[in-house]
Each structure stands twice: as structure tokens, then as C-alpha cells.
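# The amino acid sequence is not available; the structure is as follows:
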């Protein structure tokens, strides 16, 4: 008999039919006459109640049914007379697939801290909270692909292993087949890579942007969506060493086009969650963050503020003058901290902000210089609870200006000839952004630690599972 997923079992036409359900036991209760088992198979936040009539089953048969055990039940789906569910399964047969010893199974029916569950990341998807989070994560990935497909973008696969450092930060994980105990070095003490797999120093990518720019100058509108890696020693609730990035690049786009894209894209994704993840969002709204759904709806229905950096700093300085206390100082030229960004979004404007025209000295070499010679056409989308959720810019398409910036910032370009070629052969105005997928998930789920929206977080001193 074909299995019915629990997500599908609530369809009215199934009432009165025989069904086959399989899943993991969440709880069991009852008496010597009747036993009730809450079963979940991961397809939905909802459990199905299985009713065991003890005239048909004996205690020995039901003994293995403890929290965490996996079972297969065939029975009649009937309307439920009890509170908490509309339908239930009257069990006719039982098969136990796997038991879970109550003395050793760590996810017993009680509250667990998120810290504890991170130590049990191999089991935490079985909890209500993480089941909801990872179903939403799936839906957000679908929304991203759907948005770009509908808008005529091409999904472009950029390399995971690269010899270029997009951000110029140098915080990259090296990829090598060399024996680290016996490295060949030249007379200056530098490692010789001639006999390494790629014949040169290679690393895990920090961004697909530069290769994405190559694609945009041929296909027009592209996006990348894949894992990226930063070897930052940052133990914060906002940083991971391995995370996923969404990076569109668009030929013939200017600053206004870019800001329009950023706003439309993020509203589309959040609206997708509201329309397709209702049960999971309601659970998270009730259990994690009482204002979650209201905040998501507000973002979808609000026009984002577009704010030049200089004006933003002026607002922050006025707030300080009026008595507002910040941990980090505010001045023109500073790289705004999360507390500054959140003040603008949550207290001053009370809506998302797209900040533009940053000082060139705090932004990457590839951003287009404004006519004032001091600021660049960068954009950061700032969100409540999160701070920066998107970073983007118009790219500098002029070869001479780009080379001047590269030289000013001492960026090693010997391996970047291919990137410069896009400015030598048929250069075009173009723009793009990067969205940290996990930052988006933090906002959509109401979670506060980025380690809790990715299945197996990679952070300093943590590569478990």
C-alpha cells in the first residue's frame, strides 16, 4: 500500500479511507484501554494522531513506541472527536522500523536550548523548530530560483575553487594537495606551488561575483547561488565560515535599476514565505518571535527608504547629539556598525533602508566612483533585526579608472587579467549585489543566531558532523 505523507493526510476526501503512514514518534500517552501516538514525518509541522485500541494491540507490541522511534501504521483515517486535531488514524497494523532508547535518545519531549541542539545537529532537524526552519530554507531557495527565472536571468555556476580574492581581504581557505609537513620554498621563504594540483595557489571562493560579471557581459542578466567561504575568526551570531550567497549581475544597469532589483527581489522572497510556509511561520511566530509575521508583512507592503550615506551619518550624529548612546563612534568615513544600521531602520525610519554612495575608502575596488571622487555607487539594504542583508554596487566599467583603484589599494592582479579583459573588450555599465542566504533566513524565521538557520554550521573551532 502506498504511503501517504502527513502533509497530504488532512485532505477531506481521504476521510473514511485506509491510509499508510510512516514517521517518527513525537509522544505517546494513554491508558490500558487506548493509546495515542503523535507521529511526524517531516513533511509538515503538523503531527497525525494514531489511536491504538488496546483490544487489538497488547502492551508488548507497543512497548518499542517511545519518543524518537520510527514506525509504520496502516489504519482508517477518521474525523477526530478530540481537541487539537481534525482527523486521526485508527491503527489496524503496526510495524516498528527503529527504536530509540529513552535513556539515551537526547531529544525527549521537553524544552531544549539552541546551544544544546547545536551539539546535536545530526538530530535537531527532527524537532518542531528546526523542521520548520529547514522547510522554510528549502522554500526560500525555490523562491530565489523562481524570481530570477521569471525575470529572464540565467543561473550561472561559478567555481568553488579559485585563484582570485574578490574582496581583497585575504581571509581565504587554501586548497592544496601538497604535503604540509614538507613544503618546497624559494630563497625568500615563499611556498613554491609548481608541483601542487593546480600549479598555483588556490583557495575556496569568497564570492562568485567576478566570474558572474564575466557571464553578465555575455548573457546580460545572470545570478549565482552557491556556497562561499570566509576564513574570518568571527565568533558572532551573524558570521559563518561557510555560507550560501545569491549574487545577480546585470549588464546595462545603473544605480536606480540596482536598487529597484534589490527591493523587488527581497519582497518577492518574503512574500513567497508568507504564501507557501504558513504553518511553519505560524509555529515560529508563536514559539520564537511573536512579531514575526507582522514584520514580514510590513516589509512586503513598505516602500524602502533610499538614503545616501552622508545623510545617514548626519542623522546618526544628530541622534548622538540628542543623547543617543552607541558603542562605536559615528563620523563621516566610518564603516557603519550594525547598531548604527539598526537605529536608522528600527528607530528613525521604522522601515527598511537602502543606503547608497559610501566613502570609497571603506568599499571594494570594483565599485563605480561618483563624480565627487570621494564616494562610490555602493548599496547596502538594511533590515530590522539584522542590519545589512544585501550589499551591492554599480561596477566600475572604465578600464583606466578600475586600474587606478586597483593600484591605490595594492590588489595583486597578476591572476586577474581575465577580469580586466571585460573592461578592454566591449565594456558596458553593469551592476549587481550579494545576499547572504542565511541572513535572509534569520529575518524570515525570526531566529537570532545564524548557526540555527543552516543545517551544519561551520565556525571557528567547529567542523563537527
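Arrived safely. All of these numbers come straight from a predicted model, not from anything done at the bench.
# now the helices for the stretch 301-450 of the chain?
Counting by DSSP state H, counting those that start in this stretch, the segments of the stretch 301-450 of the chain that form helices are 309-321, 338-342, 399-408, 417-424, 437-445.
# of all those helices, which lies closest to residue 277?
helix 437-445 (8.1 Å; CB to CB). C-beta: built from backbone N, CA, C; applies to glycine.
# How about residue 158: what's its closest non-neighbour residue?
Spatial nearest neighbour of residue 158, chain neighbours left out: residue 208 (3.3 Å); criterion: CB to CB, 6 or more residues apart in numbering.
# That neighbour: neighbour count?
28 (other CB atoms under 10 Å).
# Spell out which residues sit in contact with it, please.
Residue 208 makes contact with 156, 158, 159, 224, 226, 228, 245, 247, according to CB atoms under 8 Å, 6 or more residues apart in numbering.
# Let's see that with 10 Å instead.
Taking CB atoms under 10 Å, 6 or more residues apart in numbering, we find residue 208 in contact with 156-160, 162, 166, 215, 222-228, 245-247, 249, 434.
# ok, now residue 150?
Contacts of residue 150 by CB under 10 Å, 6+ apart are residue 268.
# mind checking how far it is from residue 261?
To residue 261, residue 150 is 13 Å away according to CB to CB, to the nearest Å.
# ok but residue 246 is inside a helix, no?
No - assigned with DSSP: H, G, I helix; E, B strand; the rest coil, residue 246 falls outside any helix and is strand.
# Please name the spatially closest residue to it (chain neighbours excluded).
Using CB to CB, 6+ apart, the closest residue to residue 246 is residue 435 (4.4 Å).
# If you average the pLDDT over stretch 431-449, what comes out?
Across stretch 431-449, the average pLDDT comes to 97.
# And it, what's buried?
431-447 (16 or more other CB atoms under 10 Å).
# Let me know the helix or strand that residue 260 is in.
Counting by DSSP states H and E, the element that carries residue 260 is helix 255-276.
# I meant to write residue 25 there.
Judged by DSSP H and E, residue 25 forms part of strand 18-30.
# Just list the residues touching the residue of the chain most remote from its centre, thanks.
Distance to the chain centre peaks in the chain at residue 55, reaching 49.7 Å (criterion: CA atoms, centre = their mean). By CB under 10 Å, 6+ apart, residue 55 lies in contact with 33, 34.
# Got the phi and psi for it?
phi -80, psi -20 (degrees, to the nearest 10).
# Check the helices of the stretch 301-450 of the chain for me and report the most buried one.
helix 437-445 (a mean of 23; mean count of other CB atoms under 10 Å).
# Just name whatever secondary elements that helix is in contact with.
Judged by 3 or more CB pairs under 10 Å, 6 or more residues apart in numbering; DSSP states H and E, helix 437-445 is in contact with helix 128-150, strand 221-229, strand 242-251, helix 255-276, helix 278-287, helix 292-300, strand 375-383, strand 387-395.
# thought residue 173 was touching residue 241?
Yes - contact criterion CB atoms under 10 Å: residue 173 and residue 241 qualify, at 7.8 Å.
# how near is residue 270 to residue 295?
Taking CB to CB, one finds residue 270 at 9 Å from residue 295.
# who's more crowded, these two?
Neighbours of residue 270 and residue 295, each counted by other CB under 10 Å, are more numerous for residue 270; the result is 21 against 17.
# residues touching that one, list them.
Contacts of residue 270 by CB under 10 Å, 6+ apart are 140, 143, 295, 296, 297, 298, 299, 300, 440, 443, 444.
# How about residue 283?
45, 46, 128, 129, 131, 132, 277 are the contacts of residue 283 under CB under 10 Å, 6+ apart.
# switch the cut-off to 8 Å
So residue 283 contacts 45, 128, 129, 132 (CB under 8 Å, 6+ apart).
# Of those, which is the nearest to residue 338?
Nearest member of the contacts of residue 283 to residue 338, counting by CB to CB, is residue 129, at 24.4 Å.
# mind listing what the closest one touches?
Residue 129 neighbours (CB under 8 Å, 6+ apart): 283, 284, 287, 288.
# pretty sure residue 177 contacts residue 199?
No - the pair residue 177 / residue 199 is not scored as a contact, 11.1 Å apart, by CB atoms under 8 Å.
# re earlier: so which of the helices of the stretch 301-450 of the chain is nearest residue 454?
Comparing those by CB to CB, helix 437-445 comes nearest, at 5.5 Å.
# quick one: that closest one to chain centroid distance?
5 Å (CA atoms, centre = their mean, to the nearest Å).
# can you check stretch 336-351 too?
21 Å.
# quick one on the thing from earlier: okay if I get the helices and strands packed on helix 437-445 as TSV plus distance to residue 190 and mean pLDDT?
Output for the helices and strands packed on helix 437-445, formatted as TSV (distance: least, CB to CB, whole Å; pLDDT from 0 to 100):
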stretch	distance to residue 190	mean pLDDT
helix 128-150	41	98
strand 221-229	23	97
strand 242-251	28	97
helix 255-276	40	98
helix 278-287	51	97
helix 292-300	50	96
strand 375-383	33	97
strand 387-395	32	95
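# Kindly reformat these as a markdown table containing distance to residue 315.
Below are the helices and strands packed on helix 437-445 laid out as a markdown table (distance: least, CB to CB, whole Å):
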| stretch | distance to residue 315 |
| --- | --- |
| helix 128-150 | 32 |
| strand 221-229 | 32 |
| strand 242-251 | 29 |
| helix 255-276 | 19 |
| helix 278-287 | 31 |
| helix 292-300 | 21 |
| strand 375-383 | 12 |
| strand 387-395 | 16 |
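# Stretch 101-109 - what's its average pLDDT?
For stretch 101-109, the per-residue pLDDT averages 93.
# Between the two ends of that stretch, how far is it?
Stretch 101-109 has an end-to-end distance of 13 Å (CA to CA, to the nearest Å).
# Same question for stretch 35-46.
19 Å.
# and it, how far from the chain's centre?
27 Å.
# before we move on, what about stretch 136-153?
13 Å.
# same question, stretch 430-440
10 Å.
# which residues does the closest residue to residue 194 other than its chain neighbours contact?
Distances taken as CB to CB, 6+ apart put residue 184 closest to residue 194, at 7.9 Å, once the chain neighbours are dropped. Residue 184 is in contact with 191, 192, 194, 195, counting by CB under 8 Å, 6+ apart.
# 10 Å - rerun?
Contacts of residue 184 (CB under 10 Å, 6+ apart): 178, 190, 191, 192, 193, 194, 195, 196.
# Buried subset of those residues, written for PyMOL?
Command for PyMOL that selects the buried part of those, burial taken from 16+ other CB under 10 Å:
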select buried, resi 193+196
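# which pair in the contacts of residue 184 spans the largest distance?
Farthest apart among the contacts of residue 184 - using CB to CB - are 190 and 195, which lie 14.3 Å from each other.
# export the contacts of residue 129 to CSV and tack on distance to residue 427?
Formatted as CSV, the contacts of residue 129 follow (distance: CB to CB, whole Å):
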residue, distance to residue 427
283, 50
284, 46
287, 52
288, 48
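# Neighbour-wise, which one of those leads?
residue 284 (23 neighbours).
# That one: what's it in contact with?
45, 128-129, 132-133, 136, 277, 292-293, 444-447.
# I'd like those written out as CSV, with distance to residue 423 added.
Output for the contacts of residue 284, formatted as CSV (distance: CB to CB, whole Å):
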residue, distance to residue 423
45, 51
128, 52
129, 48
132, 46
133, 42
136, 40
277, 43
292, 44
293, 46
444, 37
445, 41
446, 43
447, 41
